[in-house]
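Q: When you get a sec, could you give me coordinates for this:
(one chain, ligands or ions: 1)
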Amino acid sequence: MNLRANPPAVLVTGAEGMLGRHVCAMLESRGIPKVTPSHRDFNVVVDPIDEFLEGQRLLAVINCAAYTAVDLAETHLQEARDLNKFAVKALGGWCTRHKIPLVQTSTDFVFDGTSDRPYVETDLPNPLSVYARTKLEGEAYVAHGWVVRTSWLFGDQGRSFPRTMIRAWLLGKELRVVGDQVGCPTYAGELARIIGDILEVKPSFGKYHATGPAQMSWSDFARTLLTIYKDQHQLEQEINVQSIRTEDWPTPAKRPAYSVLSNQKLIDAGLKPHSSLAECLYSFAVANPPEKILADN
Ligand SMILES: NC(=O)c1ccc[n+]([C@@H]2O[C@H](COP(=O)([O-])OP(=O)(O)OC[C@H]3O[C@@H](n4cnc5c(N)ncnc54)[C@H](OP(=O)(O)O)[C@@H]3O)[C@@H](O)[C@H]2O)c1
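A: Numbers count the residues shown, from 1 in each chain. As a prediction, this is how the structure comes out:
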């Protein structure tokens, strides 16, 4: 493991997760030294951060480690809280004591979805699920750094809505997708780029919303991504996505019906927002040819 980088480095926790992999690639492409422990190398819940980082000079910490199993969290409150709250408390405390900026990733789910306009950073959160509540609790420990809230994340690797949809479509399954929840799909490669830009531009510390530019329902997202995928790989198969209601697809965790986040604060701080969703879906399609999607379990 590259734990004793001599030049100051950026620590990425959750480096092997969906966002973590894109963050590592972003740092690599910018020539920024990085320390990228896996879950096994550095368990942010149990391993003392002081011991882990002894002798290491850091430029920043980007925390991509999280308990992200939204439905499972409903019955695993302690595990979710250990990771989404207490680990952030430890990382946030360490960063504040050492004056090292922390980028903490968080979620649109901190809101209850009753707004009739995109949520801004000063809007009052009201989480509907255990996952969302523990993520909000974690946000409170970021004093020296930035909380970056995102939504509907998909990356080139790891489990995600696009991969699940494309696989089901390729296998000829019936596609019934929720049509009454609206949000903004966000490409993890673009979010990683925005996080890199935040570290460079250093806007004032606080909360920032960073999501994809297009708002849509899950069923419209499925149609959009399948149309682009079909075009990219020149497939013949028909696309037939049936919109269903949330109540027709019951899940243990409640989700907000509307979780569009305004990115205006980010733009006002001089940062370039997420680029076109279509462009990102074409990148995703190139990185995920049918044979790769079908080989996944
Ligand atoms: N996915 C979304 O749609 C979405 C939406 C909004 C916000 N977010 C936020 O975006 C961030 C990244 O999410 P993601 O989807 O990339 O998550 P992810 O793919 O589930 O990755 C989470 C990472 O955390 C690691 N991890 C778990 N427990 C750990 C521990 N005790 N110590 C160290 N590492 C541990 C995991 O390692 P193992 O796999 O080895 O356990 C994994 O690499 C999170 O803050 C999440 O809340 C995600």
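
Q: okay, CA-based contacts and neighbour counts for the rest of this
A: Will do.

Q: For the stretch 51-200 of the chain, which residues score under the pLDDT cut-off?
A: For the stretch 51-200 of the chain, applying pLDDT under 70 flags no range at all.

Q: For it, give the residue positioned nearest to the ligand.
A: Shortest the stretch 51-200 of the chain-to-the ligand distance, computed as Cα to the nearest ligand atom: residue-wise this is Ala65, at 3.3 Å.

Q: who's in contact with that residue?
A: For Ala65, the contact set (Cα atoms under 8 Å, 6 or more residues apart in numbering) comprises Thr13, Gly14, Ala15, Gly17, Gly20, Val44, Leu83.

Q: What of Gln242?
A: Contacts here follow Cα under 8 Å, 6+ apart; on that basis Gln242 touches Leu175, Arg176, Val177, Ser219.

Q: Could you measure from it over to Ala222?
A: When distances are taken as Cα to Cα, to the nearest Å, Gln242 and Ala222 turn out to be 10 Å apart.

Q: list residues touching both of these two?
A: Contact criterion Cα under 8 Å, 6+ apart; residues bridging Gln242 and Ala222 by contacting each: Val177.

Q: Which pLDDT value belongs to the most far-flung residue of the chain relative to its centre?
A: Residue farthest from the centre of the chain, counting by Cα atoms, centre = their mean, is Glu236 at 32.1 Å. Among the per-residue scores, Glu236 shows a pLDDT of 95.

Q: Same question for the one 3 residues further on.
A: The model reports Ile239 with a pLDDT of 97.

Q: so how far is His233 from it?
A: Between Ile239 and His233 the distance, using Cα to Cα, works out to 14 Å.

Q: Then Gly179?
A: Summarising the geometry, the distance separating Gly179 from His233, computed by Cα to Cα, is 26 Å.

Q: Name the residue in those two with the higher neighbour count.
A: Between Gly179 and His233, counted using other Cα atoms under 10 Å, Gly179 has the larger neighbour count: 20 against 13.

Q: shouldn't the more buried one be in contact with Asp220?
A: Yes. Using Cα atoms under 8 Å, Gly179 is in contact with Asp220, at 7.2 Å.

Q: Toward the C-terminus, what is the element adjacent to the helix or strand where Asp197 lies?
A: With the criterion set as DSSP states H and E, the secondary-structure element containing Asp197 is helix 188-201. Beyond helix 188-201 on the C-terminal side, the first helix or strand identified by DSSP H and E is strand 206-209.

Q: hang on, the earlier thing: output the contacts of Gln242 in TSV; the columns should cover secondary structure.
A: Putting the contacts of Gln242 into TSV (DSSP: H, G, I helix; E, B strand; the rest coil) gives the following:
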residue	secondary structure
Leu175	strand
Arg176	strand
Val177	strand
Ser219	helix
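
Q: Flag every buried residue along the helix holding Asp197.
A: Under the neighbour-count criterion of 16 or more other Cα atoms under 10 Å, helix 188-201 has Ala188, Gly189, Glu190, Leu191, Ala192, Arg193, Ile194, Ile195, Gly196, Ile198, Leu199 buried.

Q: centre of the chain versus whichever strand or helix holds Ser243, how much separation?
A: Of the helices and strands defined by DSSP H and E, Ser243 is found in strand 241-244. Computed by Cα atoms, centre = their mean, to the nearest Å, the chain-centroid distance of strand 241-244 equals 25 Å.

Q: cool, and stretch 30-47?
A: Taking Cα atoms, centre = their mean, one finds stretch 30-47 lying 17 Å from the centre of the chain it belongs to.

Q: Now list the buried members of the contacts of Ala65.
A: Thr13, Gly14, Ala15, Gly17, Gly20, Val44, Leu83.

Q: Is the last one in a helix, a strand, or coil?
A: Following three-state DSSP, Leu83 is assigned to helix.

Q: So Val148 belongs to a strand, correct?
A: Yes. If the criterion is three-state DSSP, then Val148 is within a strand.

Q: just checking, it touches Thr211?
A: No. Counting by Cα under 8 Å, Val148 does not reach Thr211; the two are 9.4 Å apart.

Q: quick one: which of these two has more around it?
A: With neighbours defined as other Cα under 10 Å, Val148 and Thr211 compare such that Thr211 has more, 31 against 24.

Q: List the residues that contact that one.
A: For Thr211, the residues meeting the contact criterion (Cα under 8 Å, 6+ apart) are Arg149, Thr150, Ser151, Cys184, Pro185, Thr186, Leu191, Leu261, Asn263, His274.

Q: what's the closest non-adjacent residue to the last one?
A: Nearest non-adjacent residue to His274, counting by Cα to Cα, 6 or more residues apart in numbering: Gly212, 5.4 Å away.
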